[in-house]
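Visitor: what's the 3D shape of this:
(one chain, ligands or ions: 2)
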Amino acid sequence: MEENKMVNNDSMDMILAKAQTLIEALPYIQKFNGKRVVVKYGGSAMVDENLKYNVIKDVALLKLIGMEPIIVHGGGKEISAWLKKIGKESEFVNGLRVTDEETLDVAEMVLSKVNKSLVSMMQKLGLKAVGISGKDSGLLKVQKKLSGGKDIGYVGEVVSADPTIIDTLIANDFIPVIAPIGIGIDDYHGYNINADDAACAIATAINAEKLVFLTDIEGVFVDPTDKTTLISEMDINEAQEFIDSGVVGGGMLPKLTNCIEAMKNGVARVHMLDGRVEHCLLLEFFTEKGIGTAILKEPLF
Ligand SMILES: Nc1ncnc2c1ncn2[C@@H]1O[C@H](COP(=O)(O)OP(=O)(O)O)[C@@H](O)[C@H]1O
Ligand SMILES: CC(=O)N[C@@H](CCC(=O)OP(=O)(O)O)C(=O)O
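Guide: Ligands and ions are numbered 1, 2, ... in the order given. Sure thing, here's the model as predicted:
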């Protein structure tokens, strides 16, 4: 046999390993067929172009194997960078950006740019995506959110989420890509919404099977300074205990609190994943152990 037509043992092992990976994914593919998955996309995975393209490729694969992905994106770091360019420092109260009229203008412009760049990447991969914000079709109706009793400007708290536009897009085979800007329920003004809050509200409104957060840490830790203490699975009660005992703090605290609420109101599972890891979505969804933290109501199988 000619040398280039021979399959050596090494390459045969690699081919078999690939087949094994696909077989391992089979029960998950069957289980999640036709199910809705909200991916909250933000943090570092959003700043690095290579990671960004990999996230979009993973979402494309989810769609092509029959799931119904919805992306809710952030862009906080980019908003801060653009504000700096116009000589404005960013100010946060309890993780929420103080948003005056000018800041809102910048946030809306930057989020729109981020939104369309994600849509373009989808297009490049041959998928149909539509970029909208919470303003479109009254998707996210909000009221002014106070932080610790303090007025922090045009920051929105979601009062109602109308999933009609999402249903319509999905029914026509589009992937919805959503920017966290809402519309005031009383004043019809634009409001800046924390992207985690927007993702939770949307996942709840559409009864998502999964809500996935791509964040800047591997998952939830018993002790964030000790990397061996990553929690790979917990139920809502355990999550609540971690909050009550003070184990969880920082940005993870509002995230987890929101997730528990979303799960009590219809979302079946939440995943916290490290968005800096290439193909983290596929690794979490389609392998037995997963890579981050899953919060569940009941075991999957
Ligand atoms: N027990 C914990 N497990 C994981 N992260 C924690 C924990 N306690 C506090 N944190 C903090 O929460 C942060 C994640 O939240 P956040 O910074 O808001 O994420 P993002 O900006 O990606 O949305 C981590 O970087 C970490 O510093
Ligand atoms: C009110 C509020 O804080 N809104 C956020 C919206 C973007 C966001 O949440 O982006 P990340 O998910 O990338 O942090 C902000 O202006 O930064």
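
Visitor: Could you use CA atoms for every contact and neighbour count after this?
Guide: OK.

Visitor: all strands for the stretch 201-301 of the chain, in order.
Guide: 210-215, 233-235, 269-274, 293-296 (DSSP state E, counting those that start in this stretch).

Visitor: Throw those into JSON lines and include mean pLDDT and mean neighbour count, thanks.
Guide: Formatted as JSON lines, those follow (pLDDT from 0 to 100; neighbours: other CA atoms under 10 Å):
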{"stretch": "strand 210-215", "mean pLDDT": "93", "mean neighbour count": "26"}
{"stretch": "strand 233-235", "mean pLDDT": "92", "mean neighbour count": "17"}
{"stretch": "strand 269-274", "mean pLDDT": "93", "mean neighbour count": "25"}
{"stretch": "strand 293-296", "mean pLDDT": "92", "mean neighbour count": "23"}
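
Visitor: mind checking which of the ones you listed is nearest ligand 1?
Guide: Evaluated over the strands of the stretch 201-301 of the chain, closeness to ligand 1 peaks at strand 210-215, with 3.5 Å, by CA to the nearest ligand atom.

Visitor: near ligand 1 at all, that closest one?
Guide: Yes: using CA under 6 Å from any ligand atom, strand 210-215 comes into contact with ligand 1 via residue 215.

Visitor: what helices or strands is that strand leaning on?
Guide: Contact partners of strand 210-215 among helices and strands, from 3 or more CA pairs under 8 Å, 6 or more residues apart in numbering; DSSP states H and E: strand 36-41, helix 44-47, helix 195-205, strand 269-274.

Visitor: looking at these, which has the lowest confidence?
Guide: Per-stretch mean pLDDT for those is lowest at helix 44-47 (a mean of 78).

Visitor: For the stretch 151-300 of the chain, what lies in contact range of ligand 2?
Guide: Applying CA under 6 Å from any ligand atom, we find that the stretch 151-300 of the chain lies next to ligand 2 at 155, 192, 193, 194, 195.

Visitor: OK, contacts around the last one?
Guide: Put plainly, it is residue 195. The contact partners of residue 195, taken as CA atoms under 8 Å, 6 or more residues apart in numbering, are 40, 72, 73, 74, 179, 180.

Visitor: per-residue pLDDT, the fifth one?
Guide: Reading off the per-residue confidence, residue 179 sits at a pLDDT of 98.

Visitor: cool, the fourth one as well?
Guide: Among the per-residue scores, residue 74 shows a pLDDT of 95.

Visitor: residues contacting the most centrally placed residue in the chain?
Guide: Centroid-nearest residue in the chain: residue 40, 1.2 Å away (criterion: CA atoms, centre = their mean). Residues counted as contacts of residue 40 (CA under 8 Å, 6+ apart) are 71, 72, 73, 74, 195, 196, 199, 211, 212, 213, 214.
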